[in-house]
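Asks: just coords:
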């Protein structure tokens, strides 16, 4: 599976588990809602600097977001 798809699926899962919307994450990162939508669809990948921020906002690890572990 494509890394973009993996990251997108993991972000979607973490958003749901935290009861957050894409627009909530967008606000935290200072990006548009569309940017988060692209991440979640797997059409774009977050920049390296954004991964730790996303992980922190979603109470997970960067390893989980990247599909390197099943442990959140």
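Replies: Yep, that arrived. Predicted, not measured: the structure shown is a model, and the values here were computed from it.
Asks: Residue 36 against residue 30, yeah?
Replies: No: Residue 36 is not in contact with residue 30 according to Cβ atoms under 8 Å; the separation is 11.2 Å. (Glycine included, C-beta is placed from N, CA and C.)
Asks: List of residues touching stretch 12-28?
Replies: Here stretch 12-28 makes contact (Cβ atoms under 8 Å, 6 or more residues apart in numbering) with 11, 32-33, 35-37, 40, 53-54, 57-60, 64-65, 72.
Asks: Quick one: mean pLDDT for it?
Replies: When pLDDT is averaged along stretch 12-28, the result is 97.
Asks: what's the offset of it from the middle of its chain?
Replies: In this view, stretch 12-28 has its centroid 8 Å away from the chain centroid, taken as Cα atoms, centre = their mean, to the nearest Å.
Asks: That stretch: end-to-end distance?
Replies: 16 Å (Cα to Cα, to the nearest Å).
Asks: what's the answer for stretch 41-48, then?
Replies: 18 Å.
Asks: rewinding a little: pick out the most distant pair among the contacts of stretch 12-28.
Replies: By the measure Cβ to Cβ, 32 and 72 form the most distant pair in these, at 26.2 Å.
Asks: the more surrounded of the two?
Replies: Between residue 32 and residue 72, counting by other Cβ atoms under 10 Å, residue 72 is the more crowded of the two (15 against 11).
Asks: Would you agree that one is in contact with residue 63?
Replies: No: checked against Cβ under 8 Å, the pair residue 72 and residue 63 is beyond contact range at 9.7 Å.
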